[in-house]
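J.: Take this sequence and fold it.
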Amino acid sequence: MSIADLIPVYREEINKGLWNIYPHGPDSLTKPVAYVLQGGGKRLRPLLTIISAEACGGTKTDVFSAALAVEILHNFTLVHDDIMDQDSIRHGQKTVHHKWDDGVAILTGDAMLSLALGLLNQSPAASHLQMKIFIDGLLAVCEGQALDKEFETQSSVLLDEYIRMIDLKTGHLIGLAAELGAISSGVDSHICEKVRDYGRLVGRAFQIQDDYLEIFSNSSNMGKSLESDVVLGKKTFLMILALEKDSGFIINALELARIDFDKGIGIIRDYLENEGIKDSAREEIDDILKLADKKLNDLPIDKERLLYFSKIIKKRGN
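T.: Numbering: from 1, shown residues only. Okay, here's the model as predicted:
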């Protein structure tokens, strides 16, 4: 079966694995946890864990618990991020704090972190190294989110600072997903590091693409609310370049968007397109994915399986 045919099969298995992960406990906790994990999503991270394992000669069975742990960790971060950003929609449904309240959402995220750690510990390939990588990844994501929040109140942010932030917030977790898969297969550390670096670069491209789509797509396509990033003054790849070109114009457009989102975002879209910033973002995404693919050169693994994830990102932007 081709990798393109395997992806939907594996995604369905991942969904089934998540749907009844925490059946017993207080209703105020089991129901929101189930609500989050049954809410859908691309399942990019657990898929990457499984495919990385198979590409390196391992099996889905050996890494499946770790793959579920990665997805639950990812969703834990989203539940808490949504509280901080006051987002109302995630994966096409109300966010937990919006459907219940902030307290329930905080507890839900905490419980999900515990579930993720428990699953990782159950993995047949469980090891001290895997747990260390997982815990280091958790802290990296928190640091990335902290920087993202700090940037909201800064008038300007350098592009290098932004890249460091998304490498922590998004790239590190996707790299972690790939690395856990490689480690489970028993390949040497050099291969594990290259597979990890591939994942991190895919994560960097994914986040810049997310920034791009949050301006040039819409809430229904993205499955989440988009206005909050504008209201909060998020510093993204496109907005950093725009602010460098004409900060006064962009600040005025952002102020308008806070009052009349459609009108303000329309002005911002036109500016980004006319100034070539839209094209620059797309070129940057392509360049990062090419760099990611090079990380797999000369590795004695089934590279085509992993390279499929670069193709997924490219296709998502079209």
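J.: quick one: Glu273 from Ala253, how far?
T.: 13 Å (Cβ to Cβ, to the nearest Å). Quick note: C-beta positions are derived from backbone N, CA and C, even for glycine.
J.: who's more crowded, the two?
T.: Ala253 (21 against 12; other Cβ atoms under 10 Å).
J.: name the helices or strands packed onto whichever strand or helix holds the more buried one?
T.: Using DSSP states H and E, Ala253 sits within helix 237-259. On a contact count with 3 or more Cβ pairs under 8 Å, 6 or more residues apart in numbering; DSSP states H and E, helix 237-259 meets helix 159-166, helix 189-216, helix 227-232, helix 261-274, helix 277-294.
J.: Next, give phi and psi for Thr59.
T.: phi -130, psi 160 (degrees, to the nearest 10).
J.: mind listing what Thr236 touches?
T.: Thr236 makes contacts with Tyr162, Ile208, Asp211, Glu214, Ile215, Asp229, as judged by Cβ atoms under 8 Å, 6 or more residues apart in numbering.
J.: State the pLDDT value of it.
T.: Thr236 carries a pLDDT value of 94.
J.: Just to be sure, Lys235 is in a strand?
T.: No - secondary structure of Lys235 (DSSP: H, G, I helix; E, B strand; the rest coil): coil, not part of a strand.
J.: returning to that earlier point: in the contacts of Thr236, which residue is surrounded by the most others?
T.: Neighbour counts for these (other Cβ under 10 Å) peak at Ile208, which has 24 neighbours.
J.: how far away is that one from Met165?
T.: From Ile208 across to Met165, the span is 12 Å (Cβ to Cβ).
J.: what do you get for Phe206?
T.: 14 Å.
J.: before we move on, what about Val70?
T.: Where Met165 is concerned, Val70 sits at a distance of 21 Å (Cβ to Cβ).
J.: mind giving me JSON lines with the contacts of Thr236 and columns for pLDDT and distance to Asp110?
T.: Shown next, in JSON lines, are the contacts of Thr236 (pLDDT from 0 to 100; distance: Cβ to Cβ, whole Å):
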{"residue": "Tyr162", "pLDDT": "97", "distance to Asp110": "29"}
{"residue": "Ile208", "pLDDT": "96", "distance to Asp110": "30"}
{"residue": "Asp211", "pLDDT": "91", "distance to Asp110": "29"}
{"residue": "Glu214", "pLDDT": "88", "distance to Asp110": "28"}
{"residue": "Ile215", "pLDDT": "91", "distance to Asp110": "33"}
{"residue": "Asp229", "pLDDT": "74", "distance to Asp110": "25"}
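J.: any chance of the residues you listed in TSV, plus distance to His91?
T.: TSV is the format used below for those (distance: Cβ to Cβ, whole Å):
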residue	distance to His91
Tyr162	25
Ile208	21
Asp211	18
Glu214	15
Ile215	20
Asp229	17
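J.: Gly266: which of these is nearest?
T.: Among the contacts of Thr236, Ile215 lies closest to Gly266 (Cβ to Cβ), at 10.5 Å.
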